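In: next come a sequence and a model predicted from it.
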Number of protein chains: 2
Amino acid sequence: MEFYIKDASKFINKKVEIKGWMYNKRSSGKIIFLQLRDGSGFIQGVVEQKNVDEKVWEAAENLTIESSVIVNGTITKHPKKEEYEIQVMHIEIVNLSPEYPIGKKEHGPEFLFENRDLYLRSKTPWAVLRIRDMVFRSITNFFAEEGFVRTDTPILQPTSCEDTTQLFELDFYDEKMYLTQSGQLYSEAAIMSFGKVYDFGPVFRAEKSKTRNHLSEFWMMDAEMAYYDQNMNMDLQEKMIKRIIKDTLENCKLELEILQRDTKILENCVKTKFLRKSHFEVKQELEKDGLKVDYNDDLSTEEEIALGNKYQIPVFVTDYPFEIKSFYMKSFVDERGVKRAKCADLIAPEEAREIIGGSQREDDYEVLLNEIKKRNYPKKEYEWYLNIRKYGSVPHSGFGLGLERMVRWLSGVHHIRETIPFPRSTTLNRP
Amino acid sequence: MEFYIKDASKFINKKVEIKGWMYNKRSSGKIIFLQLRDGSGFIQGVVEQKNVDEKVWEAAENLTIESSVIVNGTITKHPKKEEYEIQVMHIEIVNLSPEYPIGKKEHGPEFLFENRDLYLRSKTPWAVLRIRDMVFRSITNFFAEEGFVRTDTPILQPTSCEDTTQLFELDFYDEKMYLTQSGQLYSEAAIMSFGKVYDFGPVFRAEKSKTRNHLSEFWMMDAEMAYYDQNMNMDLQEKMIKRIIKDTLENCKLELEILQRDTKILENCVKTKFLRKSHFEVKQELEKDGLKVDYNDDLSTEEEIALGNKYQIPVFVTDYPFEIKSFYMKSFVDERGVKRAKCADLIAPEEAREIIGGSQREDDYEVLLNEIKKRNYPKKEYEWYLNIRKYGSVPHSGFGLGLERMVRWLSGVHHIRETIPFPRSTTLNRP
């Protein structure tokens, strides 16, 4: 039977074979301790000179860091702790590695990401990217259970959705096309057939600022729901985020341990209702707390972090001034006469900042058409999008979750580049 | 409680509310039959003049095709068949649609795909794309159960994997980058950390030929496994394909019925072992069957179709001549002295053609380096890829499944463009 290290607890006193790599080693005279990994987990191999053939002992002595190796032996359990070892009986060196470029000494992030393919083998990327996999599966299962259909939207788009200054452009059989920034407009068309849809794929932003929050290529999940108003939209988002956190806490214990993640706040997020506060209210509160705020603008980085620290629970910041939001959002006029969008950004605590942006969409043909004209967007390009409001329009809402933002929060790493296998940004473009 | 049409069988004699669209209607004097859909399914609404208010009757009379509508009534079951209806008591017209451009008359594919956003509401796209969603979920679940980690590979790549003539190029902060044709090389690096990985995302090919088999943007699932030889690779592929077919047959009954799919061959594929035949053997057989074959070349379209028709079960065609295959494949010399690749293409029956390509990868540093030199690839660009063979190399294998090819086979539609929500090809680039 195939054996993987993650299943060690089910194989106590059984003979197994591990096919993997040796990532570290120490010896104390007549015992050599091999730190082994096979992709599924980590285990210590104990080689006792008195118990093995000379050739096996020699192999253990010769093994270098990051050599590939097949080890046979018996799984044993620590008498008091939930820890397992393999008492090694046989060693087959598959490939002896020369000195591994990423050793025990500290490397700067530049070196690590220039050698991302090698750095991937370290414990931090292993843990972070397995959490990413968990988030992906959690989202897939959640939407299947909620009756959503996954409808992949195109990467190559003839029109831009929002900000035209951050587009990557390419030649597509002698026509100009752009790399997608969002599949939302397409998802809105798809709900007219499927009711509730989501897409989940790469999006692109030519973002020249080098911050720990930005990548040029990242993964976005966009969900869109027919007959949903903005309150139903937020309810669904909260349910999804709680589900993702719960799945991660339950299934990624080893990963969170490796990352030394204090999970208190995350645990609380699963059982505590998220807050909902209007943009105006949030600005007012932050002003009282001593920040200099602009009531007509987005939340700044500083404000998002302050809000997260203040409540230690995700906060839906609702009702942004319409002028700073996208043309497709449904609007209303508040009691102070300010035109606002029926929208919410979800701000996560622990400096995770905005992880979701969502809104109810304008479902009135004339109102939407006027907004498109007002912003000087080319009407012709939006005709198909306007058709959603022409033929059987329905109230509808949707939201987008940034996968890397979510993974960064869960794993607690500082920089967004850690959360994607091969990051792309102004300074990261290989391997 | 929220009601969706797909759950009608659980709501017999219960009052429900349907929020959806009317896609067709017929009347017979004092009864109007509304064909309703809500994204989850289809149901007939029966409006009897004698049972409803005058206003409700008027609404039923006024309703136009593709209007959005909220209907209240009681679910009833056909006395003999597994069919359900809603006995309508109340109708709220949400949005009255003008004449829908896609009516009951036949339209050519050009018209349908120029108006893909509207055509999506028809039953064929509804059924095909829900099968696509099922395949996606089936693959996600399969790989999770098999202990794979999803590691997304980059869309923007500084080097090309194989064919350089079919690349889309773009400017990335003043450097040249290409849209991915495959994430395989990156997945090979990732197995050195995770053991077994897969990615599943869009890939691109500048393919000028207009056939029913080609798209410029399509979705590919690439899996890669450490310590797998080519036989284990094929075993895994067969298990996955059987699982996808089984999930689809079980969960997409309505979809297959709408598509009038005869599922006999698919059912047989779940329980019958796939064939494995060498490239040489296949060419020999097809030659005997009267085809003109080239022993040194790939299988032609005609040959793939003939092979599928002959066996009516997927066939792994193994051991292609190395010269026509990719540089990274592991090779061997056969008894006739021909250098062959340890590879297999999986050819599906029913004209579905090649759905998987896979191989064992060359794991010897020197052999791979020589092949790279021989093909005049820039060594510098492949240094990171060669590192996989330098530091703890392991025997490993992998394969790629074309999602659209698989969906086309399952759904039985003729043209590949039907299997993706918004297709992209030389002639399809909007909406």
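Out: Thanks, I have it. Since we're looking at a predicted model, the values are computed, not measured.

In: my guess is A:L156 contacts B:P431. True?
Out: No: counting by C-beta atoms under 8 Å, A:L156 sits too far from B:P431 to count as a contact (11.8 Å). Every C-beta, even on glycine, is put in place using the N, C-alpha and C of the backbone.

In: for the residue in the stretch 51-200 of chain A that chain B sits nearest to, grab phi and psi.
Out: Nearest residue of the stretch 51-200 of chain A to chain B: A:G195, at 2.1 Å (C-beta to the nearest C-beta). Main-chain torsions, A:G195, degrees, to the nearest 10: phi 80, psi -60.

In: who's in contact with the nearest residue to it once chain neighbours are set aside?
Out: Excluding the flanking residues, the one nearest A:G195 by C-beta to C-beta, 6 or more residues apart in numbering or on different chains is B:G39, at 2.1 Å. Listed by C-beta atoms under 8 Å, 6 or more residues apart in numbering or on different chains, the contact partners of B:G39 are A:V149, A:I191, A:S193, A:F194, A:G195, A:K196, A:A226, B:Y4, B:G20.

In: for the last one, what are its contacts?
Out: The one in question is B:G20. Going by C-beta under 8 Å, 6+ apart, the list of residues near B:G20 reads A:G195, B:I5, B:L36, B:R37, B:D38, B:G39, B:S68, B:V69, B:V71.

In: now do 10 Å
Out: A:195, A:226-227, A:392, A:394, B:4-5, B:36-43, B:45, B:68-71, B:94 (C-beta atoms under 10 Å, 6 or more residues apart in numbering or on different chains).

In: likewise for the fifth one?
Out: A:G195 makes contact with A:147-149, A:224-228, A:394, A:396, B:4-5, B:19-21, B:37-41, according to C-beta under 10 Å, 6+ apart.

In: where strands are concerned, which of these count?
Out: The members of these that map onto strands under DSSP state E are A:V149, A:E224, A:M225, A:A226, A:H396, B:K19, B:G20, B:W21, B:R37.

In: thought the second one was touching A:F143?
Out: Pointing back at A:E224 there. No: counting by C-beta atoms under 10 Å, A:E224 does not reach A:F143; the two are 11.3 Å apart.

In: now for the two: what residues contact both?
Out: Each of A:K196, A:V197, A:Y198 lies in contact with both A:E224 and A:F143 under the rule C-beta under 10 Å, 6+ apart.

In: ranges for the helices of the stretch 301-431 of chain A?
Out: Applying DSSP state H, counting those that start in this stretch to the stretch 301-431 of chain A gives helices spanning A:301-311, A:365-374, A:383-390, A:403-411.

In: quick check: A:R26 touching A:F33?
Out: Yes: between A:R26 and A:F33 there is a contact under C-beta under 10 Å: 5.2 Å.

In: for the two, indicate the residue with more neighbours.
Out: The neighbour count for A:R26 versus A:F33, taken as other C-beta atoms under 10 Å in any protein chain shown, is higher for A:F33 (17 against 10).

In: confirm that that one sits in a strand.
Out: Yes: assessed by DSSP: H, G, I helix; E, B strand; the rest coil, A:F33 belongs to a strand.

In: now do it, the pLDDT please.
Out: If you check A:F33, the pLDDT there is 97.

In: likewise A:L299?
Out: pLDDT, A:L299: 97.

In: give me the three-state assignment for it.
Out: Under three-state DSSP, A:L299 comes out as coil.

In: count of residues packed around it?
Out: 22.

In: wait, what's in contact with the closest residue to it other than its chain neighbours?
Out: Spatial nearest neighbour of A:L299, chain neighbours left out: A:V317 (6.5 Å); criterion: C-beta to C-beta, 6+ apart. Counting by C-beta under 10 Å, 6+ apart, A:V317 touches A:275-283, A:298-299, A:303-304, A:307, A:343-347, A:354.

In: if I look at A:V317, how far off is chain B?
Out: 27 Å (C-beta to the nearest C-beta, to the nearest Å).

In: cool, A:H279 as well?
Out: Applying C-beta to the nearest C-beta, the value for A:H279 to chain B is 29 Å.

In: got it, and A:K374?
Out: 22 Å.

In: pLDDT at that residue, what is it?
Out: 94.

In: what do you get for A:K104?
Out: 65.

In: am I right that A:A59 is in a helix?
Out: Yes: per three-state DSSP, A:A59 lies within a helix segment.

In: mind listing what it touches?
Out: By C-beta under 10 Å, 6+ apart, A:A59 lies in contact with A:32, A:47, A:52-53, A:67, A:69, A:71, A:88, A:90-93, A:96.

In: how about A:Y320, nearest residue that isn't a chain neighbour?
Out: Of all residues not flanking A:Y320 in the chain, A:H279 sits nearest, at 4.8 Å (C-beta to C-beta, 6+ apart).

In: that neighbour: how many residues sit nearby?
Out: 25.

In: how close does it sit to A:D133?
Out: Separation of A:H279 from A:D133 (C-beta to C-beta, to the nearest Å): 35 Å.

In: just A:V56 next, same as before
Out: Distance of A:V56 to A:D133, computed by C-beta to C-beta: 35 Å.

In: which one's more surrounded, the two?
Out: Between A:V56 and A:D133, counted using other C-beta under 10 Å, the more crowded position is A:D133 (23 against 19).

In: and that one, what does it touch?
Out: A:251-252, A:255, A:407, B:143-144, B:148-152, B:194, B:197-198.

In: again, but for A:S359
Out: Contacts here follow C-beta under 10 Å, 6+ apart; on that basis A:S359 touches A:184, A:230, A:233, A:318, A:320, A:325-326, A:328-331, A:341-345, A:397-400.
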